[in-house]
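> Return atomic coordinates for the entry below.
(3 chains)
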Amino acid sequence: MNGIIAAARAYLAVSLRERVTLFWFLIFPVFLFVILALIFSSTGKQGKMNFKIAVVNEEKATVAGPDFAAIVVHTFDSLSTAPSGQEPLFTLLRPHPGETTAAFRARADAALNRERITAVVVIPPGFNGAMVARLRASYATPTPIKVIVNNSSEASRVAAGIIAGVISGIDREVLIRAGQYVPSDETKPVTEWTGKNKHAVSYASFLLPGVILMAFFTSGLFGVPGTILYSRDRHILQRYFVTPFTPLRYLLGFSIGQLGLCLLQFALLYVIGRFWLGAQVNFGRPGAILFLVLGFFTFLAFGFLVAALAKTGDGGMAIGNLLNIPLIFLGGLFFPVGNLPLALKVVVFANPVTYIAAGLRMSLGLGGEGMPLVASIAVPIAWIGICSLIAARRISWGVQ
Amino acid sequence: MQPDRGTADLVGGTVMSALITLIRTEAVRFARDKQALILMFIFPLVFIIIFGFLMKGSSTPRLGVVVAGSAAPTVQAVLAPMSDLHVIDYPNRSALIHAVEKGQADFGLYLDGDVLHFVYNPTQVQNNPQFMQIAAGITTQYNLARQRVTPIVRAEKVVVGKNPGGWLNLVVPGIIAFSILTAGLTGISGHLTMMKERRLLDRFVATPMRPTMLLVAIGAVRAVMAYIASLITLITAIGLLHLHFAVNWWQFTVFVLAATVGSMALGTIIALFVRRPASAGNIANILAMVMMFFSGVYFPVELMPGYLRTLAMFLPLTYMVNGMQVVTGVSAMGAARFWTITAALFGTGAILFPVLAHYVVQPERR
Amino acid sequence: MGYYHDMADINGTLLQVSELTKHYGDIRAVDGISFSVPRGTVFTILGPNGAGKTTTLEILEGLRPPDSGTIEIFGKRVRRVDRRVKERIGVLLQEANFEPYLKVHETIELFAAFFAHAYATRDIMALVSLTEKRNALVKNLSGGQRQRLALGVALVNDPDLLFLDEPTTGLDPQARHNIWSIVTGLKERDKTIVLTTHYMEEAEALSDYVCIMDHGKIIAADTPRALAARLGKETMIEFTADQVPAAARNSLSGRFPQLRQDGGTITLEVADLVPALQHLLGWAAENGITLDNLVIRQPNLEDVFLTLTGRRLRE
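Predicted coordinates:
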């Protein structure tokens, strides 16, 4: 028993000391978690996004009457300032002093083409007149404001939607002022959420289980064969086995060490998720614990399988590298894997990660409903069985 | 006169033939280096295939609707002209919720009296903001229609640009740029440190060859391989994912070479500071990985928070991705800017190579 | 001292091996060897690379099962070395490494945990002079320090029987002498040691018994002195000379049939020293040959090995 605990402690100490394993098993998952959360939590949120646009007013405001064009310009202008600490929604490209409207339009179009700005809003000539006419005769078609966007830029696509929202806000305001629209008669839409929790999930909450499983998976896939194979290559294992210590005990000690590593990964990611990124996930549910434990054993066994298939440590790492990306991304840890061609679907369904991820998400009320509960337990168990069998037959411990 | 000319010939001949021998040796070594081959040829394909199909799946948003009751005609009138929305009808609320839950529809809409209910799947975190924006648009129009008002002013979207294909068309050049970076970084740093460790570099320095020659040979082979790998990746993307690229072949060639040389210069910097090939490979991997997240390979830089956008400005990969999007014809850039980036990448290599070569091979640096 | 003195080893023999064989395919790595190791002695297996020394030790350490033959260890006959035996042996493997990212004291503690009884870590570190390096990572140790650690680990369970497989290979002379002095100290503490080496000096400096192994077989076994005495009362004369003409060499080997030439070094086995020297000096003067590095010495194990196999140890 002493030996098993000592081996577990040694494995853990080595994993934390070796800079490479430390990076890939602890730092990288945290990095990935924080980065994805920072990138995606802000997507689509006002105050955290900023779009460079140009508003070109081609209406010559000489005609008497209300200057609707100026109202539009003013609206966008007001959205280009924001309270301190927040980003304004828009940054406006402005005409140079003395620049003609045509020259400014040309400059704006060129900037859009080169993706220096994300959109050009053009108030066409005759805008004011058209508005007045439209207000008098409600059957006339709405007056267009051109929103020019560039399809080479994702930001441009997002900006188009936001600008359309701003313009429809202006529309509503004008209609109310004109007495044609009664705001009190508006119906407010109701937002509903599917799933057990019936509420929105923050990106950090959604991501946390995926990142945790990824951490378990990579440490199983690389840590297990890496340690076993390199120790065998360097004759470290043989040194153990000339003592009363046996391969079975080594395996036990090693697995306990790996469990310690996974607990550390879990704790680190959970604390960062909970207290920094605001993730709210209750891993205390029995289902969640079941799938975390199942995940640990499945990926541990998977690591043993790689150790059995590879002849050397380098070979093990190569196999790991080939499997890592496909299994993580085709396991639905980060992206939904619904619409894939058959060949990739096969990978999805053969992949143990798919089942663990779906099971964990399901038990946390974070999706994964597409997978029958029986499958998400049975398939990983089958994997554990197959891997253990192959590993037991094929892993050489450097002892005959 | 005769002996002079003879010597000159001899020297010239020696340098050229030695360089050719070096290049040949390097090519053979590369062809036998499984890891380098996987990194350069297989990885980009794996990425293209996986991400290609993952991203292709979610193009036009799918709205599931249950239209019944007195307000139904109004809703139908609002939805009918919405061309960039795929509307799926469901018989009742529970069928709709089931569909949204299982991902058969991206989000849902049903009527309770004349109140609109929008149903979202909380696990679609990445896409829900977009769906909510669409929902807001539907709500506005629905309210106008209920009061029998048509909008007085509307946004008329005009799309310009070179990329009707969407985000995936931008990701493919991004992945090519990223592969060039990784191959350059890991290749050079790993190779040089390996030579250091096995004392091959010492053996090399003991010959009259200039160290730059070695780097030139490594660089030449890598550049050709990177070019071939980029072509394969591009062709796979076109063939498998049915994407369209208007490639400017001459700019493509120049840019791939410049990017390779630039990445290798960065790799040489790693080789300067690291002793063991394994550490060099790891540092290169980590650097590449960090750059990947912030350089717009998978996530548009413009949609990131301000400080990450600032960070992106300092990463060479950002410019490599942009440039690659330009030469594959899915994005535009001013000619001056494009050539500045190309020259900067090429120049970094051209300047750093000889300088670093000098330091890398010095015994006391090791 | 030891924890147990229930020595079932009657007759003072700690280890007895009979007709041990191990084949790898067609190669007979160990080909029916028998020997016995008395308690409190250093028993050296001497032989060139590939002689079967390491395979023999690996069988005795429990890393490989023998194909046939018997092992009697601590008075018990075993088919293969089991855990109970392993509790009482200490091993220094030829190629063994330790986890590079463990510290010295952690490595010793780890191995101590594998045994039912073990020394305190600080005693082991003191024994192999690694106390100052207790917090150093294994990867940062020098070759000699690493080998001392290996020796310390081999001693952690206070073994009755120690297997040291080429303990000084690749070490510089000073590190080698460090190891030798530790081994000598162990011998004084009544430990039994089975040692393999291809260094003749090492075998001579440390061994009570030497067995010479070649091609999987034991070709001679005795005390170093007795082995050397097999060459009779001969004395060795050794010198180096460049360019000995064939005729001159032939005339010399006519007088000394036991002449051996190894590069520029010529060795003569002589029974009667004075007349032999006189003859040699005359021969040198006659043929105009300078005798460099002339040495007169007693026969050593190298000479024995050469005589028995016709080859040098380190070929």
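
> What ranges does chain B have for its helices?
B:2-32, B:34-37, B:43-56, B:72-79, B:93-101, B:128-146, B:167-197, B:200-205, B:211-241, B:249-273, B:277-294, B:306-313, B:316-327, B:335-361 (DSSP state H).

> Next: the stretch 1-150 of chain C.
C:53-61, C:83-86, C:104-112, C:121-127, C:143-154 (DSSP state H, counting those that start in this stretch).

> Make JSON lines from those and add mean neighbour count, distance to chain A and mean pLDDT to it.
(Each C-beta comes from the backbone N, C-alpha and C, glycine too.) Shown next, in JSON lines, are the helices of the stretch 1-150 of chain C (neighbours: other C-beta atoms under 10 Å in any protein chain shown; distance: least, C-beta to the nearest C-beta, whole Å; pLDDT from 0 to 100):
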{"stretch": "helix C:53-61", "mean neighbour count": "25", "distance to chain A": "4", "mean pLDDT": "90"}
{"stretch": "helix C:83-86", "mean neighbour count": "16", "distance to chain A": "4", "mean pLDDT": "88"}
{"stretch": "helix C:104-112", "mean neighbour count": "24", "distance to chain A": "5", "mean pLDDT": "93"}
{"stretch": "helix C:121-127", "mean neighbour count": "18", "distance to chain A": "12", "mean pLDDT": "92"}
{"stretch": "helix C:143-154", "mean neighbour count": "22", "distance to chain A": "8", "mean pLDDT": "91"}
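
> check contacts around C:Lys86.
C:Lys86 makes contacts with A:242-244, C:62, as judged by C-beta atoms under 8 Å, 6 or more residues apart in numbering or on different chains.

> B:Val158 pairs with what?
A:Ile148 (DSSP bridges).

> and it, what does it touch?
A:146-149.

> would TSV of those with distance to B:Leu257 be doable?
What follows is the contacts of B:Val158, written out as TSV (distance: C-beta to C-beta, whole Å):
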residue	distance to B:Leu257
A:Lys146	41
A:Val147	39
A:Ile148	35
A:Val149	33
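
> Among these, which one sits closest to C:Ala271?
Distance to C:Ala271, by C-beta to C-beta, is smallest for A:Val149 among those, at 108.1 Å.

> Hmm, the closest one is touching A:Val122, no?
No: contact between A:Val149 and A:Val122 fails when scored by C-beta atoms under 8 Å: they sit 11.7 Å apart.

> Three-state assignment for the residue nearest to A:Ala310 when sequence neighbours are not counted, please.
Distance criterion C-beta to C-beta, 6 or more residues apart in numbering or on different chains; nearest residue to A:Ala310, sequence neighbours excluded, is A:Gly316 at 3.8 Å. With DSSP: H, G, I helix; E, B strand; the rest coil as the basis, A:Gly316 sits in helix.

> try C:Gln243
Applying three-state DSSP: C:Gln243 is coil.

> still on that earlier bit, take the helices of chain B and lay them out in JSON lines including mean pLDDT.
As requested, the helices of chain B are arranged in JSON lines below (pLDDT from 0 to 100):
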{"stretch": "helix B:2-32", "mean pLDDT": "68"}
{"stretch": "helix B:34-37", "mean pLDDT": "79"}
{"stretch": "helix B:43-56", "mean pLDDT": "82"}
{"stretch": "helix B:72-79", "mean pLDDT": "86"}
{"stretch": "helix B:93-101", "mean pLDDT": "89"}
{"stretch": "helix B:128-146", "mean pLDDT": "87"}
{"stretch": "helix B:167-197", "mean pLDDT": "83"}
{"stretch": "helix B:200-205", "mean pLDDT": "69"}
{"stretch": "helix B:211-241", "mean pLDDT": "86"}
{"stretch": "helix B:249-273", "mean pLDDT": "88"}
{"stretch": "helix B:277-294", "mean pLDDT": "80"}
{"stretch": "helix B:306-313", "mean pLDDT": "85"}
{"stretch": "helix B:316-327", "mean pLDDT": "93"}
{"stretch": "helix B:335-361", "mean pLDDT": "83"}
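
> Quick one, which of these gets closest to C:Val210.
Here helix B:167-197 is closest among the helices of chain B (C-beta to C-beta), at 39.8 Å.

> returning to what we had before: and of the helices of the stretch 1-150 of chain C, who's closest to B:Pro354?
helix C:143-154 (38.2 Å).

> re earlier: dump the helices of the stretch 1-150 of chain C into JSON lines; add distance to B:Phe314 as well.
What follows is the helices of the stretch 1-150 of chain C, written out as JSON lines (distance: least, C-beta to C-beta, whole Å):
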{"stretch": "helix C:53-61", "distance to B:Phe314": "57"}
{"stretch": "helix C:83-86", "distance to B:Phe314": "59"}
{"stretch": "helix C:104-112", "distance to B:Phe314": "42"}
{"stretch": "helix C:121-127", "distance to B:Phe314": "50"}
{"stretch": "helix C:143-154", "distance to B:Phe314": "44"}
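
> To C:Pro167, which of these lies closest?
helix C:143-154 (6.5 Å).

> Following element in sequence after that closest one, please.
Note on helix C:143-154: by DSSP states H and E, the next helix or strand toward the C-terminus is strand C:161-165.

> Relative to that following strand, what are the paired strands and their orientations?
Under the criterion DSSP bridges, strand C:161-165 sits next to strand C:89-92 (parallel), strand C:192-197 (parallel) in its sheet.

> so can I have CSV of those strands showing mean pLDDT?
Below are those laid out as CSV (pLDDT from 0 to 100):
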stretch, mean pLDDT
strand C:89-92, 91
strand C:192-197, 91
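
> got those as CSV, with mean neighbour count columns?
Below are the strands paired with strand C:161-165 laid out as CSV (neighbours: other C-beta atoms under 10 Å in any protein chain shown):
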stretch, mean neighbour count
strand C:89-92, 26
strand C:192-197, 25
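
> can you redo these as CSV with distance to C:Leu231?
Formatted as CSV, these follow (distance: least, C-beta to C-beta, whole Å):
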stretch, distance to C:Leu231
strand C:89-92, 32
strand C:192-197, 21
